[in-house]
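> Please work out how this folds:
(one chain, ligands or ions: 3)
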Amino acid sequence: MSGRNCKGPFKILVLPGDGIGPEITREAVKVLKALSEKSGITFNFQHGLIGGAAIDEVGVPLPAETVELGKKSDAILLGAVGGPKWDNLPPEIRPELGGLLKIRKVFDLYANLRPVMFFPELKNASPLKPDIIEGVDILMVRELTGGLYFGEKKRITTEQGEQAVIDTLIYTEKEVERVVRLGFELAQKRGGKLTLVDKANVLESSRFWREVAEEVKKDYPEVTLSYMYVDNCAMQLIRNPRQFDVIVTENMFGDILTDEGSVLAGSIGLLPSASLNGKFGLYEPIHGSAPDIAGQNKANPLATILSAGMMLRYSLDCPEEALLIEKAVKAVLQKGYRTGDILEPGTTLVTCEEMGDLVAEEILGGVYDEGLPL
Ligand SMILES: NC(=O)C1=CN([C@@H]2O[C@H](COP(=O)(O)OP(=O)(O)OC[C@H]3O[C@@H](n4cnc5c(N)ncnc54)[C@H](O)[C@@H]3O)[C@@H](O)[C@H]2O)C=CC1
Ligand SMILES: CC(C)CC(=O)C(=O)O
Ligand SMILES: [Mg+2]
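Ligands and ions are numbered 1, 2, ... in the order given. Next up, the predicted model:
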């Protein structure tokens, strides 16, 4: 059943983090264990600390030990970080900046792939009309280690004695080139359309992205490159999303547009991501730690389970096993099981844990053996 290199043992570093993080990563690990039982791939899971959980345990949001474990791993699976408990700490030692952004920087995970897909089983779960979301298949490529989130931040006093703040948006040519090139590579393998989303009517950084894109484009004559301002894109995404194939954009725009994109799928609890530097990757749902539902066993674990699928595809050379996870998720949805965020009349409410059990059972049950190219 396995691909050529897909045997293992694969070393997976699991970083549950905060809020719903431990609940959703538990279910993704459960699904990977079922896959191991089914297919014979072996995983060696190690757990590490990040975010508020790391602050509470050892005083820092990204312990050196976590980084060392990551360096010895084939891939990292992460839940989410942050929460009100840590919001008043100085920014650099908060879970988000000192934990999540730091691990992205340490491993130079510059390309964040966020697929935004239509789930036919959930076509009525989205507040958008089915005829708008049907067939949506967008790959958002978000630059992940530059831009506003990483530039210098400071507070100053103006000459008039007024308090002022500075966040710096800086991108080097290399940072732009590598992620734009990946956007072209992916567009070439998909529908051949790349949209660079920016704010080039006002931002110098966006004008620079366009200059770089025009150069890279010369290597991909078969890809159609177009440009769109981010404000228009935010509108087009929910008005006419099928026009998009691959979108490449800078860090903050990609962060915001992908949360919006989750409405096309039906819930933010559904969208996975891969943060890549070559083959090495960190895999996490696009959502946060959802403190409002943490500890209640009601989070949707499917985004994290599908992130484990992306890990199989992008870091572990196991595309068929990735497909098996995706088919199992689809089967569970077809049978009408739903967590609260995607519940509709006539469907069955399940807990986070039950959703993980159902996907694992589906994999073990082998219902999809015939339909899969295994
Ligand atoms: N990658 C990460 O670790 C991220 C961390 N954060 C952090 O998470 C904390 C909460 O941030 P919010 O802005 O509230 O964003 P959030 O994504 O955690 O939650 C937004 C809304 O979506 C719901 N939601 C999120 N994931 C869900 C799931 N799997 N199933 C069902 N419902 C789900 C939440 O209940 C909430 O109503 C903050 O501390 C923030 O900084 C936010 C985004 C990403
Ligand atoms: C800490 C934030 C930048 C995380 C986030 O919102 C994201 O990566 O989607
Ligand atoms: Mg976000």
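
> what residues are up against the spatially most central residue of the chain?
With distances taken as Cα atoms, centre = their mean, the chain has Ser273 as the residue nearest its mean C-alpha position (2.1 Å). The neighbours of Ser273, taking Cβ atoms under 8 Å, 6 or more residues apart in numbering as the test, are Asn112, Leu113, Arg114, Thr258, Tyr283, Glu284, Pro285, Ile286, Ser307, Met310. For the C-beta atoms, the positions are set from N, CA and C on the backbone; glycine is no exception.

> Please repeat the previous calculation with a cut-off of 6 Å.
By Cβ atoms under 6 Å, 6 or more residues apart in numbering, the contact list for Ser273 reads Asn112, Arg114, Glu284, Ile286.

> Over to Asn240?
Contact partners of Asn240, counting by Cβ under 6 Å, 6+ apart, are absent.

> What pLDDT is listed against it?
As summarised for this prediction, Asn240 has a pLDDT of 98.

> likewise Leu372?
Taken from the predicted model, the pLDDT recorded for Leu372 is 41.

> what number of residues lie near the residue nearest to Ile342 when sequence neighbours are not counted?
Sequence neighbours aside, Ala125 is the residue nearest to Ile342 in space, at 4.5 Å (criterion: Cβ to Cβ, 6 or more residues apart in numbering). For Ala125, the number of neighbouring residues by other Cβ atoms under 10 Å comes to 21.

> where does the lengthiest helix in the chain sit relative to the chain's centre, distance-wise?
Scanning the chain for the longest helix, with DSSP state H as the assignment, gives helix 21-39. In terms of Cα atoms, centre = their mean, to the nearest Å, the centre of helix 21-39 is found 17 Å from the chain centre.

> ok now the very next helix or strand once past that helix, how far from the chain's centre?
As assigned by DSSP states H and E, the chain's next helix or strand after helix 21-39 is strand 43-47. Using Cα atoms, centre = their mean, the mean C-alpha position of strand 43-47 is found 20 Å from that of the whole chain.

> Strand 43-47 pairs with which strands?
In its sheet, strand 43-47 lies beside strand 10-17 (parallel), with partners assigned from DSSP bridges.

> Identify the residues contacting the strand it pairs with?
Applying Cβ under 6 Å, 6+ apart, the set of residues contacting strand 10-17 is 22, 25, 43-48, 50-51, 69-70, 73-81, 316.

> Under a three-state scheme, what state does the residue lying farthest from the centre of the chain occupy?
Taking Cα atoms, centre = their mean, the residue of the chain most remote from its mean C-alpha position is Gln160, at 43.7 Å. When classified by DSSP: H, G, I helix; E, B strand; the rest coil, Gln160 comes out as coil.
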